[in-house]
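*Asks:* quick one: sequence plus predicted model below, questions after.
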Amino acid sequence: MIDHDKLKKSLQHLKMQYANHQRARHRSELTEIDREAIAESVIQRFETCYDTLWKDLKRYLTEEAGLADVPNSPKPILKLAGQNDVLPSPVEQWLKYADARTNTSHDYSGDKAAEALLIVGEFIQDAISLYQTMTGTPWV
């Protein structure tokens, strides 16, 4: 049985910090640097969650779905998961998440960060659905 605790914890943290980011826009006591720090934290948590998710997905495809020759990098794993109807949304959406993860690797400011922040809400919902599929348990 695959231990998905790290994925659950990273997804919970991402969800909480993303909600904090959404609320920060309406908090007049925050400075711009405070808002930037919250946004950077969301991106870092997205990166951690995404990395944990694709690695758990690899184990799931191998151990639970019984697939042989599962690749060892995110995009091919996502494509394989899509071909096997494991993903809760189209593989193209997951490839957007992969691109956002790659684009934020060394740059938390500017357009790349803004693009990543725009998809985090969708990623959270898709990641929760995938977590439920992989674990067979409801999200709590």
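*Replies:* That came through, no problem.

*Asks:* make it CA atoms for all contacts and neighbour counts henceforth
*Replies:* Will do.

*Asks:* now do the helices in this protein.
*Replies:* 5-24, 32-59, 74-83, 91-103, 110-135 (DSSP state H).

*Asks:* the longest one to helix 110-135, inter-axis angle?
*Replies:* Taking axes from the mean of the first three to the mean of the last three Cα atoms, to 10 degrees, one finds that helix 32-59 is oriented at 40 degrees with respect to helix 110-135.

*Asks:* how about the residue minimising distance to the centre of the chain, what does it touch?
*Replies:* Closest to where the C-alpha atoms of the chain average out (Cα atoms, centre = their mean) is residue 50, at 3.6 Å. Going by Cα atoms under 8 Å, 6 or more residues apart in numbering, residue 50 touches 98, 101.

*Asks:* likewise residue 53?
*Replies:* 7, 127.

*Asks:* what separation do you get for residue 35 and residue 88?
*Replies:* 32 Å (Cα to Cα, to the nearest Å).

*Asks:* compare these two and say which is more crowded by neighbours.
*Replies:* Per other Cα atoms under 10 Å, whichever of residue 35 and residue 88 has more neighbours is residue 88, with 19 against 16.

*Asks:* which one in this protein is furthest away from the centre?
*Replies:* Most distant from the centre of the chain: residue 29, at 29.6 Å, with distances by Cα atoms, centre = their mean.

*Asks:* what's the neighbour count on residue 85?
*Replies:* 12.

*Asks:* and it, its phi and psi?
*Replies:* phi 50, psi 40 (degrees, to the nearest 10).

*Asks:* same deal with the one 5 residues further on?
*Replies:* Recorded main-chain torsions at residue 90 are phi -60, psi 150, according to degrees, to the nearest 10.

*Asks:* all good on my end, thank you.
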